[in-house]
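**Student:** kindly generate the corresponding structure for this input.
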Amino acid sequence: MGMVGGGTGSFIGDVHRRASAIDGMIELVCGAFSSTAEKSIASGIALNLDKSRCYGTFNDMIQKERELPEDVRMDFVAIVTPNHMHFPPAKMALENGFHVVCDKPLTLTLDEAETLQKVIAKSGKLFALTHNYTGNSMVKQAKAMISKGELGTIRKIQAQYLQGWLSTSLEKTGQKQAAWRIDPKKSGIGGALGDIGTHAENLIEYITGLKIAEIAADLGTFGEGRILDDDGNMLIRMDNGAKGSISISQIALGEENNLAIRVYGTKGSLEWHQENPNKLITRWLKEPKKIFTPNGNGLHEEALNVSRIPAGHPEGYLEAFATIYKNFATHVLAINNGEIVDEPDYPTVDDGIRGMKFIYAAVESDSNNSAWTKIN
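**Tutor:** Next up is the predicted model:
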C-alpha cells in the first residue's frame, strides 16, 4: 500500500494504517503524506519507511512507483485526504495501473464522481470506498437476515448520526479537522451531509438492499459564520414503498458518534448502534426478543466470516475498517491469480455515486423548502 495524505497528527490516516495492518495482508511501503514536501517526507520517516519512498507529492509517488519492478512497487493507493483531494490522486493512480482505496465521500463534486466512475471502468482496476461500518459483523448479520426474508417486507427505516464536536466554533481555534469540513472549497456542497450523512445513507441501503428514491430535507447551519450544514432532518421514501427518516447533526451537544439504525418489517425488526457495535437487537412478531453478538449463536455465514475473535471479546471500529481492507486485498490477490470475483464484498464507486447523489438531492430539497426530490 501507498498512501496519499495522513501525515503526522492525522486522525484518519492513522486509522487506515492500523486497520489495513490488522489481518497481516497489507504493508505500507510508501507515501505522499502532506501538502508540503518537507512534512510529507518527515511523516514517512517517522513511520519507519525507506526515505527513498517518502515522496513530496502524490504525482511524484505515482510516477516513481510505476517505474519500480512489479514485485517491489505498491499494489494500490489509499487516499486519506480532505474531500477536494480525492479525485486528482485517484484518477492518476488508476490511469497508471494502480488500484485505489479512498475515504468517503467519493469526491468534491458529483461531476468528479461520475468522471471517476468512467476512469475506473476504463482502467479495469479495483476501487474501494471506506464506508467502514459495513464491515462490522453485526451489520453483516443484519443485511443477511433481511436479504433472506427473515424480517418480511421492509416498511419503515430510521437512521441517525449525531455528533456534538462542532457545537462551538472549533474551526476558529486552528483545529484542522474542523476547518476543512466547514469550507465548501474543501468539503463540497454538503457539510455534515457529506461527512456523516453519507454514512447513514450508505448503511440504510447496504443493510436493507433497498434504494432511497426520494428525500425531503430540512438542513440547518447553526455555527456562527458557517456556510455548510451542520445539522439536518430528512424524510425518505424507499424504492419498495417503505418510508423512513434520517437525522444528522454535528452540533448535538454531548453526542460522540451516535450512529444507529432501526429497520421494521412485517415479520420482525432490528436495531444496531455503532457505539455498542457488538449487539444486534431483533424483535419478532411471534418470538421473544433476540440479541446477536459477534461469533455468537445463530449467526449467518456472512457475519461469522468477519468475526475475528471468540464470542464475548469486543470488536469495533478498527475491526470493521479492517474488513474493508481485508476483502479488498483478497480481491486484489484473486485478480493477480487470474481468478474472477463476481461481486466484491466492499463498498465501490457505485456506492460513492449514490452518496454524492444523496448529498445533492438533500441540498436541492432544502433550498426548495424541503420539497420532495428524487435521487436519480
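**Student:** so which residues of the stretch 51-200 of the chain form strands?
**Tutor:** For the stretch 51-200 of the chain, the strands defined by DSSP state E, counting those that start in this stretch cover 76-79, 99-102, 127-129, 154-162.
**Student:** just the CA trace of the second one, in CSV.
**Tutor:** Included here for strand 99-102 are C-alpha records, laid out as CSV according to Å, rounded to 0.1, in the frame of the first residue of the first chain:
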residue,chain,number,x,y,z
HIS,A,99,-5.8,0.0,-7.6
VAL,A,100,-7.3,2.6,-5.2
VAL,A,101,-8.9,2.7,-1.7
CYS,A,102,-10.5,6.1,-1.0
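**Student:** tell me what it is packed against?
**Tutor:** Counting contacts by 3 or more CB pairs under 8 Å, 6 or more residues apart in numbering; DSSP states H and E, strand 99-102 is packed against strand 76-79, helix 87-95, strand 127-129, helix 317-336. The way it works is simple: take the backbone N, C-alpha and C, and place the C-beta from them, glycine included.
**Student:** same deal with the third one?
**Tutor:** The contact analysis (3+ CB pairs under 8 Å, 6+ apart) places strand 127-129 against strand 99-102, helix 349-367.
**Student:** can I get these in TSV with mean neighbour count, distance to residue 109 and mean pLDDT?
**Tutor:** Listed next are these as TSV, based on neighbours: other CB atoms under 10 Å; distance: least, CB to CB, whole Å; pLDDT from 0 to 100:
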stretch	mean neighbour count	distance to residue 109	mean pLDDT
strand 99-102	26	15	98
helix 349-367	22	8	98
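**Student:** distance to residue 249 added to these, as TSV?
**Tutor:** Output for the helices and strands packed on strand 127-129, formatted as TSV (distance: least, CB to CB, whole Å):
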stretch	distance to residue 249
strand 99-102	25
helix 349-367	14
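**Student:** of all the ones you listed, which lies closest to residue 293?
**Tutor:** Residue 293 lies closest to helix 349-367 among the helices and strands packed on strand 127-129, at 26.8 Å (CB to CB).
**Student:** next secondary structure element downstream of that closest one?
**Tutor:** Using DSSP states H and E, the helix or strand that directly follows helix 349-367 along the chain is strand 373-374.
**Student:** looking only at pLDDT, what's the mean for that following strand?
**Tutor:** Per-residue pLDDT values over strand 373-374 give a mean of 98.
**Student:** what strands line up against that strand, and which way round?
**Tutor:** Paired strands of strand 373-374, with direction, are strand 212-220 (antiparallel) (DSSP bridges).
**Student:** rewinding a little: CSV please, covering the strands of the stretch 51-200 of the chain and showing distance to residue 148.
**Tutor:** Shown next, in CSV, are these (distance: least, CB to CB, whole Å):
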stretch, distance to residue 148
strand 76-79, 33
strand 99-102, 29
strand 127-129, 25
strand 154-162, 13
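**Student:** how about the closest residue to residue 195 other than its chain neighbours, what does it touch?
**Tutor:** Among residues not flanking residue 195 along the chain, residue 181 sits closest, at 5.8 Å (CB to CB, 6 or more residues apart in numbering). Counting by CB atoms under 8 Å, 6 or more residues apart in numbering, residue 181 touches 82, 166, 171, 187, 191, 195, 228.
**Student:** ok, back up a step: closest to residue 322 out of the helices and strands packed on strand 127-129?
**Tutor:** Here strand 99-102 is closest among those (CB to CB), at 12.1 Å.
**Student:** state the number of residues packed around residue 183.
**Tutor:** For residue 183, the count of nearby residues is 18 (other CB atoms under 10 Å).
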